[in-house]
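**Q** Mind looking at a prediction? Sequence and model below.
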Amino acid sequence: MDVLKQMRSEVKKYIDSADAKVVKMVYAMLEAERESDWWQDENILSIVEERSAEYKSGKAKGIPWETAKKQILSSKRKG
């Protein structure tokens, strides 16, 4: 069985036995994803392309995911 099929199977089993809170949360996530069309927004795409070019050229420096995650979580706790 390929990985994607296995993942789908596991998700289906999980949802079938999940409590109402989890089902509502997953549903809300799926709805948000379905309604999201940021990838069609020309303004957002131009910003992404500009920042990508800055990173590739060395003009902008990236930060590791773990550092970014710590900063995000820290700011959530403060606010």
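**A** Cool, the structure landed.
**Q** Determine the three-state secondary structure at K56.
**A** The assignment at K56 comes out as helix when based on DSSP: H, G, I helix; E, B strand; the rest coil.
**Q** Around it, count how many other residues there are.
**A** 9 (other CB atoms under 10 Å). Bear in mind the C-beta positions are built from the backbone N, C-alpha and C, glycine included.
**Q** Any figure for the gap between E35 and M29?
**A** From E35 over to M29 the distance is 11 Å, taken as CB to CB, to the nearest Å.
**Q** what do you get for D16?
**A** Going from D16 to M29 by CB to CB gives 17 Å.
**Q** try L45
**A** In terms of CB to CB, L45 sits 23 Å off from M29.
**Q** what ranges do the helices span in this structure?
**A** Secondary structure of the chain, counting by DSSP state H: helices at 3-17, 20-35, 42-57, 65-78.
**Q** Now the ones you listed in CSV, please, with extra columns for mean pLDDT.
**A** As requested, the helices of the chain are arranged in CSV below (pLDDT from 0 to 100):
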stretch, mean pLDDT
helix 3-17, 91
helix 20-35, 88
helix 42-57, 92
helix 65-78, 86
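**Q** so I44 touches D37, yeah?
**A** No: counting by CB atoms under 8 Å, no contact exists between I44 and D37, whose distance comes to 9.8 Å.
**Q** higher neighbour count, those two?
**A** Each of I44 and D37 had its neighbours counted (other CB under 10 Å), and the higher figure belongs to I44 (12 against 8).
**Q** so who does that one touch?
**A** I44 makes contacts with W38, as judged by CB atoms under 8 Å, 6 or more residues apart in numbering.
**Q** CA atoms only: put stretch 13-29 into CSV for me.
**A** Included here for stretch 13-29 are C-alpha records, laid out as CSV according to Å, rounded to 0.1, in the frame of the first residue of the first chain:
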residue,chain,number,x,y,z
LYS,A,13,-10.3,5.3,11.0
TYR,A,14,-9.3,8.2,13.4
ILE,A,15,-12.3,10.4,12.3
ASP,A,16,-14.7,7.5,12.6
SER,A,17,-13.8,7.1,16.3
ALA,A,18,-13.0,10.7,17.2
ASP,A,19,-15.2,12.7,19.6
ALA,A,20,-17.2,15.7,18.4
LYS,A,21,-14.6,18.3,19.3
VAL,A,22,-12.0,16.7,17.1
VAL,A,23,-14.4,16.2,14.2
LYS,A,24,-15.4,19.9,14.4
MET,A,25,-11.8,21.0,14.5
VAL,A,26,-10.8,18.9,11.5
TYR,A,27,-13.8,20.1,9.6
ALA,A,28,-13.0,23.7,10.3
MET,A,29,-9.4,23.1,9.1
